[in-house]
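1. Okay, sequence plus prediction incoming.
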Amino acid sequence: MQNLWLIPAFPLAGFLINGVFGRKLPKFAVSFIAILSVLLSFAWTLKVFVATQSFSTPVTERYFTWIQSGQFQVGWDFTADRLTAVMLFVITGVGSLIHIYSRGYMAHDESFARFFAYLNLFMAFMLTLVLAANYLLLFIGWEGVGLASYLLVGFWYRKKSATDAGNKAFIVNRIGDFGFMLAMLLIVINFGTLDIATVTGAAPGKAAVTLTAICLLLLVGACGKSAQFPLYVWLPDAMEGPTPVSALIHAATMVTAGIYVIARSSVLFSHSATASEVVAYVGLFTAIFAASIGLLQNDIKKIFAYSTVSQLGYMFLGLGVGAYSASVYHLMTHAFFKALLFLGAGSVIHACAGEQDIRQMGGLRSKLPITFATLLCAGLAISGIPPFSGFFSKDAILVAAYHHAPWMFYIGVVTAGMTAFYVFRALFVTFFGAYRGQAHPHESPLTMTVPLIVLAILSTVGGFIAIPKYLDAMFPAGEEGHAMGLVIVSVAAGAIGILIAGVMYLGRPRKESAHGGLYNLIYHKYYIDEAYNAAIVHPLLVTSRSVLWKLVDNALIDGIVDGVAAQTRNSGNALRKLQSGSIRSYAAWIVVGSVVLVLAMGFTGVGR
């Protein structure tokens, strides 16, 4: 018994303590409890990893029966194997660094305890998600991280833009979650269980059309959580939350939940060529589409947000072409360099008194030397320059894509060049030239720079962690070795992207302005949000206000209720006039009533 339940229990305890008592505790105690809880989860993961000899065999623990209905049963069961191990180390390892960073970044926030309570709540749900042994328990974690994301994105609730972003993230994810729920219903109908091991074991005997339907519905859920087209629109707006939230939820953990679910369900997808092909197409399109938007963004966090959407597209591409371990490999390295990019951006924003527009920065290289050096490592990693971590994992996906369909490889290479360009555009504009802002920039405190340094080291050497080899027992098919010629092409694309960014943005500051229809189209993000508002949001609002509110609620429901009330009131007004308070009047009415009663009895023959 490895007591896997302790891994999510530690941050859950941190959430309860800080949530109930945090306002009465000093900030040091609040942050200590929150950070310690995640470190304990990391330590317990390491303990189980050692005790099970690197999860040489899966560990499953059954705690109690959660749902029992006839033959259908759902237990509160946790399981851990090599895929789980990778996810646990990424979540607790990178999560610990982000918690430490948050101690400095949020030091002056009035809702310090609430922030750390929400962070711990998110960690508890995310760890539940990856440990779940059945789809329903996984869905509890899935919905839980959605709730925590809503709370953290809208953390500064006095800002309307923050609350709008939280609502948008929550609603868009609900669309994807509806697909996930339908997938679970199909699984129950066709497999009679939601136990993941049982489902994957029985999958080869099921009809391809059934597996395709289940996989496509799981993909809908994955597109919502992992911000793939067309459900990607929530993630860039989610940058309204505090920067550590962007690093934790929208780079290293929650947005990888969709990748995890597809990898966990790899047996289902491997028996549905149609679903796998759709996953690859969605990922490839999202990768280049988001990268093109990132070319012209000026908000430093949104630049990195679109790169997150694009990099997640790479992971979907790998999943779709059968390179599951390469996708998980990129998930891990991406957690290193993307968390570093966001935390580095937070350090820049912190130094510039909240400014996020790179056009109001410049010349920060000498003022923020640690931030610059660490961000440079992250930039080289995401650009796929050897020997940085992104080189190994990204090229593993691209090579697998080439063996599946060469045209996919070339689109991926173009995307890599675009990524290198816009990331280094942000770095060159931010750190070179003359400072154009109004603040007095300064380097961040140690609580922020130490996590940056650790992540920079991981971004530099993390690619040497042999994840594909470690996962070989789980995903033996669809993996391809490196092809030197293809790798050279990919690296060259990244180097060319950096070179073009240097030519355009080093030296004299380059002023950008609209240069025609294509420029405006990309600058305004292809007007996708506007199209959604016109086609979906506005009609729903009009229908809600004109039909549901004015017609159904006001006219019909309120009309019926108010009409009954009015008739009752009118009847009461008429009847109350019968009571005058006069004894002579009452006596007269008694006489009249008696006469009427006697006459009635006479006519009917009563009493004869």
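-> Right, received. Where do you want to start? Residues are numbered from 1 along each chain as shown.

2. neighbouring contacts of stretch 343-355?
-> Identification of contacts with stretch 343-355 by CB atoms under 8 Å, 6 or more residues apart in numbering yields 98, 101, 105, 243-244, 246-247, 300-301, 304, 356, 360-361, 364, 367-368, 371, 374-375, 378, 430, 437-439, 441-444, 448-449, 451-452, 455. (C-beta placed from N, C-alpha, C; glycine too.)

3. Buried ones among those?
-> Listed as buried from the contacts of stretch 343-355 are 98, 101, 105, 243-244, 246-247, 300-301, 304, 356, 360-361, 364, 367-368, 371, 374-375, 378, 430, 437, 441, 443-444, 448-449, 451-452, 455; burial here means 16 or more other CB atoms under 10 Å.

4. State the mean pLDDT of the longest helix belonging to the chain.
-> Across the chain, the longest stretch assigned as helix under DSSP state H is helix 160-191. If you average the pLDDT over helix 160-191, you get 95.

5. Stretch 138-154 too?
-> On average, stretch 138-154 scores 95.

6. same question, stretch 310-320
-> 96.

7. So which of the buried ones among the contacts of stretch 343-355 sit within helices?
-> Among the buried ones among the contacts of stretch 343-355, the members falling in helices (DSSP H) are 98, 101, 105, 243-244, 246-247, 300-301, 304, 371, 374-375, 378, 430, 448-449, 451-452, 455.

8. List the contacts of the nearest residue to residue 432 once chain neighbours are set aside.
-> Nearest residue to residue 432 in three dimensions, chain neighbours excluded: residue 506, at 5.7 Å (CB to CB, 6 or more residues apart in numbering). By CB under 8 Å, 6+ apart, residue 506 lies in contact with 428, 432-433.

9. Now secondary structure too, for these, in JSON lines please.
-> Shown next, in JSON lines, are the contacts of residue 506 (DSSP: H, G, I helix; E, B strand; the rest coil):
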{"residue": "428", "secondary structure": "helix"}
{"residue": "432", "secondary structure": "coil"}
{"residue": "433", "secondary structure": "coil"}
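
10. which of those residues count as buried?
-> Applying 16+ other CB under 10 Å to the contacts of residue 506 flags 428, 432-433 as buried.

11. Give the buried residues for the longest helix of the chain.
-> 162-163, 165-166, 168-170, 172-173, 176-177, 179-184, 186-188, 190-191.

12. do the same with stretch 404-412
-> 404, 408-409, 411-412.

13. Dump these to TSV, plus pLDDT.
-> Output for those, formatted as TSV (pLDDT from 0 to 100):
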residue	pLDDT
404	94
408	97
409	96
411	97
412	96
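
14. which pair in these spans the largest distance?
-> For the buried residues of stretch 404-412, the farthest-apart pair by CB to CB is 404 and 411; their separation is 12.2 Å.

15. Roughly how far does residue 34 sit from residue 114?
-> 11 Å (CB to CB, to the nearest Å).

16. One more: residue 213?
-> 42 Å.

17. do the same with residue 461
-> Here the criterion is CB to CB. By it, residue 461 lies 36 Å from residue 114.

18. Among those two, which residue is more densely surrounded?
-> Higher neighbour count among residue 461 and residue 114: residue 114, with 18 against 13, using other CB atoms under 10 Å.
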